[in-house]
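Asker: Okay, here's the prediction I keep looking at, along with the sequence it came from:
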Amino acid sequence: MTGHDYIPRGAKRFAILPRGAYPLQLHLHLKTLPGARLMALVTEQLEDVFLDFEYDHQSFRILELPDEYWFVVRDPRCPPQTMRYVLEHFQA
């Protein structure tokens, strides 16, 4: 499967970051995002990993690919400042 297979229909990929942290580290870092709520951490044979969470009334997904992470928001009308805040949090 490709990363596109894990993007919900109608969702928007809003950022790509180089893969640096392991998924568990992303999960732990998510806990430091005030108001964020983990919805799912899915691993399929350790090849396909994604992290679903809610923040500021929006649903997000981070997909782990071999060399990068894709950041996806379910509602393509999500306010840009919300997407920017999520991205900046995970860049820190």
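Answerer: Right, received. Where do you want to start? Residues are numbered from 1 along each chain as shown.
Asker: Give the other helices and strands that the helix or strand of the chain with the lowest mean pLDDT contacts.
Answerer: Of all helical and strand segments in the chain, the minimum by mean pLDDT, DSSP states H and E falls on helix 23-30, at a mean of 82. If you count contacts as 3 or more CB pairs under 8 Å, 6 or more residues apart in numbering; DSSP states H and E, helix 23-30 packs onto strand 37-44, strand 48-55, strand 58-64, helix 80-91. Any C-beta I mention is one placed from the backbone N, CA and C, and that applies to glycine too.
Asker: Name the stretch among those that sits most buried.
Answerer: The highest mean neighbour count among the helices and strands packed on helix 23-30, using mean count of other CB atoms under 10 Å, belongs to strand 58-64: a mean of 21.
Asker: Please name every helix or strand in contact with that one.
Answerer: helix 23-30, strand 48-55, strand 68-73, helix 80-91.
Asker: Relative to that strand, what are the paired strands and their orientations?
Answerer: With DSSP bridges as the test, strand 58-64 is paired with strand 48-55 (antiparallel), strand 68-73 (antiparallel).
Asker: Please compute how far that strand lies from its chain's middle.
Answerer: Relative to the mean C-alpha coordinate of its chain, strand 58-64 is positioned 3 Å out (CA atoms, centre = their mean, to the nearest Å).
Asker: Flag whichever of the helices and strands packed on strand 58-64 has the least confidence on average.
Answerer: Mean pLDDT is lowest for helix 23-30 among the helices and strands packed on strand 58-64, at a mean of 82.
Asker: how about the helices and strands packed on strand 58-64, which one is nearest Ile16?
Answerer: strand 68-73 (5.3 Å; CB to CB).
Asker: and that closest one with helix 80-91, angle?
Answerer: 150 degrees (axes from the mean of the first three to the mean of the last three CA atoms, to 10 degrees).
Asker: Report the distance from strand 68-73 to the chain centre.
Answerer: Taking CA atoms, centre = their mean, one finds the center of strand 68-73 at 5 Å from the center of the full chain.
Asker: number of nearby residues for the nearest residue to Arg61 once chain neighbours are set aside?
Answerer: What sits nearest to Arg61 in space, not counting adjacent residues and going by CB to CB, 6 or more residues apart in numbering, is Val72, at 4.4 Å. Per other CB atoms under 10 Å, the neighbour tally for Val72 reads 22.
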